[in-house]
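S.K.: How does the following fold in three dimensions:
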Amino acid sequence: MKVKKVPLRKCIVCQGMFPKKELIRVVRTPQETIEIDLTGRMAGRGTYVCRQETCMKPDTFAAGKWKKVLERALNMTISQEQYEEFRSRWLELIGR
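M.R.: The predicted model follows:
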């Protein structure tokens with residue numbers, strides 16, 4: 001019996017490789033908005049963030065690390081308004 005290959009993806013914050021199912025997907029939709037895709041099936045360019053405490057905590061937002069990383073990964077320029085909206089949804093998702 002053939003062993004099924006597990007797809008791996010890289011976390012944009014810590015650069016670690018993890019199974020795709022363990023990551024949270026962030027998507028740039030065709031309408032140029034940034035969404036959090038918990039299903040992994042939303043249309044658009046996607047990137048992944050792991051569920052480790054160091055990658056999900058609010059301090060990484062305060063360091064300004066996220067905006068540049070997201071811009072590079074999603075191939076778009078993110079306005080401060082879009083970033084703040086995404087940040088509030090992200091913090092709501094992780095329960096902070």
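S.K.: if I look at Leu70, how far off is Pro30?
M.R.: 17 Å (C-beta to C-beta, to the nearest Å). Just so you know, the C-beta spots here come from the backbone N, C-alpha and C atoms, and that holds for glycine as well.
S.K.: Please say which of the two ends up with more neighbours.
M.R.: Looking at Leu70 and Pro30 with other C-beta atoms under 10 Å, you find the greater number of neighbours at Leu70, namely 21 against 9.
S.K.: Doesn't Ile36 belong to a helix?
M.R.: No. Ile36: not assigned to a helix; according to DSSP: H, G, I helix; E, B strand; the rest coil it is strand.
S.K.: How many residues are close by it?
M.R.: Neighbour number of Ile36 under other C-beta under 10 Å is 15.
S.K.: And the one 10 residues further on, by the same measure?
M.R.: Counted with other C-beta under 10 Å, the neighbours of Gly46 add up to 19.
S.K.: quick one: buried residues of whatever helix or strand it lives in?
M.R.: Using DSSP states H and E, Gly46 falls within strand 45-49. For strand 45-49, the neighbour count (16 or more other C-beta atoms under 10 Å) marks 46-49 as buried.
S.K.: for stretch 88-96, same thing?
M.R.: Trp90.
S.K.: Pull the distance from it to the chain's centre.
M.R.: Computed by C-alpha atoms, centre = their mean, to the nearest Å, the chain-centroid distance of stretch 88-96 equals 13 Å.
S.K.: Report the backbone C-alpha coordinates of that stretch in CSV.
M.R.: Extracted C-alpha coordinates of stretch 88-96, given in CSV (Å, rounded to 0.1, in the frame of the first residue of the first chain):
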residue,chain,number,x,y,z
SER,A,88,-8.7,43.3,14.9
ARG,A,89,-10.2,40.2,13.2
TRP,A,90,-7.0,38.3,13.9
LEU,A,91,-7.0,39.2,17.6
GLU,A,92,-10.7,38.4,17.8
LEU,A,93,-10.0,34.9,16.3
ILE,A,94,-7.3,34.1,18.8
GLY,A,95,-9.4,35.5,21.7
ARG,A,96,-7.3,38.4,22.9
